[in-house]
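> this is the structure alone, sequence omitted:
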């Protein structure tokens, strides 16, 4: 009887483990590691932008499309060509690219490639967000843990990446502002902490805020700060015209990051 009870306990433990979400594999798939191997080195005396772009929910094509559009925008507007990595979950892929472990792995590798004192990490996260401020990481073949602001902060601290621009395109994404904000960080979100944003769905090419920020505002703004403010106004006007509840995109810019961005924007002639 004692042996049966032990076997039952062991079976329950295995079943619980199998049912729990996954952090992902320690090493990302080759589609990601190949990108990391091709990263261009940092240039001494030059403020380089290293971009990590995450399309986390593989159930909707919009996040894959958005990742491609954001990559194009950053390469064209912020000289990020050769220094960009995408993590995109897709229904057709055998395994997920975007997991908590793969994000940790990529941030660590990017940190080792960049000059952490001089260069800037540009992190774009696109997914569905929940009212308790968890970003959905989803792949049809594996249940995944979502990303919380606290967990993301821990990854950035562990990677020792100081200069950060973080854009979160998701509902309720304003919940990421306070946990991530500091003197060396610019945080931009598609919505306030208690508001939804718009533009998801498999028929959409890009979420509404990302279109406003990357497509409409960034090419004609003189700075990222100005682009964020302009995107806020575009979204406000669009939502008022369509009589939708306002999403209230957020921005928090630290003083040290503002100085660092001025150096970048001067180099780019913005």
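Thanks, I have it. All of these numbers come straight from a predicted model, not from anything done at the bench. Numbers count the residues shown, from 1 in each chain.
> tell me the buried residues in stretch 122-133?
Neighbour counts over stretch 122-133 (16 or more other C-beta atoms under 10 Å) mark 122, 123, 124, 125, 126, 127, 128, 129, 133 as buried. Yep, even glycine has a C-beta here, placed from its N, CA and C like the rest.
> so what's the first one bridging to?
Put plainly, it is residue 122. Under the criterion DSSP bridges, residue 122 forms beta bridges with residue 51, residue 165.
> how much space between it and residue 25?
25 Å (C-beta to C-beta, to the nearest Å).
> same thing with residue 114?
Per C-beta to C-beta, residue 114 is found 24 Å from residue 25.
> now swap in residue 128 and tell me
Distance, residue 128 to residue 25, by C-beta to C-beta: 23 Å.
> out of everything not next to it in sequence, what's closest to residue 184?
Nearest non-adjacent residue to residue 184, counting by C-beta to C-beta, 6 or more residues apart in numbering: residue 256, 4.6 Å away.
> please apply the same query to residue 211.
Using C-beta to C-beta, 6+ apart, the nearest residue to residue 211 is residue 199, at 6.9 Å.
> okay, that neighbour: pLDDT?
pLDDT, residue 199: 94.
> run a quick neighbour tally on the residue nearest to residue 184.
Burial of residue 256 is recorded as 14 neighbouring residues (other C-beta atoms under 10 Å).
> ok, now which ones touch residue 186?
164-166, 224-225, 228, 251-254, 257-258, 261 (C-beta atoms under 8 Å, 6 or more residues apart in numbering).
> what helix or strand is it on?
Using DSSP states H and E, residue 186 falls within strand 185-189.
> next, the buried residues of that strand.
Residues of strand 185-189 classed as buried under the neighbour-count rule (16+ other C-beta under 10 Å) are 185, 186, 187, 188, 189.
> and for stretch 243-258?
Judged by neighbour count (16+ other C-beta under 10 Å), stretch 243-258 contains these buried residues: 247, 248, 249, 250, 251, 252, 253, 254, 257.
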